[in-house]
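**Q** Next come a sequence and a model predicted from it.
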Amino acid sequence: MDRFLAVAVLLLATLANAAQGAELDLGSLRIAWPSGYKEVGRESPIRLVGPDGVNVLITVWNAKPEAGADAPSDTSAVFSSIAESRLPELAATDGKVVVPLQRQILPDGSILYSTATQTGAHRKAKFYLQYMLIAPSSSAALFTVEGRGDATAQHLHFLERFYSVEWADAR
């Protein structure tokens, strides 16, 4: 009976880990990412290809703080300004914006901006998602996700991943 219990516990732990996906380590940033994604290159932007041909591009910026007491907050303000001006513009370029620019504060203090755009015809629906993550320090990351399917549903699927972020300077 003890052996059966040990096997059952091991099986449940394996299934739980598979459901959570894999940790994506981007140097200064770690994030729990869905399983099944393969890294295609380490150049910037980093490219991941996932199930059903979902493409993810990731660019991480680690700004060097300049002399001055408010350097991290100044850098965060610059990144926020870029997100607030460019993300809505890019989202509206090719399709219908179904999730306009959203701003959220994550548990670790990071700011997350996001949008979702539905492209393509109804039978060949495609999505274009943007997530700009701004660390409490002088770092930021831009994730764009493109693939086939419903933009709103895919947005929610990827949005939950950002609650797992861990920046190197916070470790």
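**A** Looks like it came in fine.
**Q** CA only for contacts and neighbour counts going forward, please
**A** OK.
**Q** And the lengthiest helix in the chain, what's buried?
**A** When the chain is parsed with DSSP state H, its longest helix is helix 71-91. Under the neighbour-count criterion of 16 or more other CA atoms under 10 Å, helix 71-91 has 71, 72, 74, 75, 76, 79, 80, 83, 84, 87, 88, 91 buried.
**Q** Now render these as CSV, adding pLDDT and distance to residue 110.
**A** Formatted as CSV, the buried residues of helix 71-91 follow (pLDDT from 0 to 100; distance: CA to CA, whole Å):
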residue, pLDDT, distance to residue 110
71, 57, 16
72, 58, 12
74, 80, 14
75, 86, 13
76, 88, 10
79, 94, 12
80, 94, 11
83, 96, 14
84, 97, 15
87, 97, 17
88, 97, 20
91, 96, 22
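**Q** show me where the chain has helices.
**A** Going by DSSP H, the chain shows helices at 2-20, 71-91, 151-159.
**Q** ranking those by mean pLDDT, which is last?
**A** When those are compared on average pLDDT, helix 2-20 comes out lowest at a mean of 38.
**Q** where are the low-confidence patches of the chain?
**A** Scanning the chain for pLDDT under 70 picks out the ranges 1-21, 64-73, 170-171.
**Q** hey, where'd the strands end up in it?
**A** 22-25, 29-33, 38-41, 46-49, 55-62, 96-105, 111-119, 126-134, 139-148, 166-167 (DSSP state E).
**Q** Would you convert these into TSV that also reports mean neighbour count and distance to residue 159?
**A** Listed next are the strands of the chain as TSV, based on neighbours: other CA atoms under 10 Å; distance: least, CA to CA, whole Å:
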stretch	mean neighbour count	distance to residue 159
strand 22-25	14	15
strand 29-33	18	11
strand 38-41	11	19
strand 46-49	18	17
strand 55-62	17	14
strand 96-105	16	11
strand 111-119	24	8
strand 126-134	25	8
strand 139-148	20	11
strand 166-167	19	15
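**Q** quick one: residue 47 from residue 142, how far?
**A** The gap separating residue 47 from residue 142 is 12 Å, by CA to CA, to the nearest Å.
**Q** where do the contact lists of these two overlap?
**A** Common contact partners of residue 47 and residue 142 (CA atoms under 8 Å, 6 or more residues apart in numbering): 57, 58.
**Q** Out of the strands of the chain, the one nearest residue 160 is which?
**A** Closest to residue 160 of the strands of the chain, according to CA to CA: strand 29-33, at 9.4 Å.
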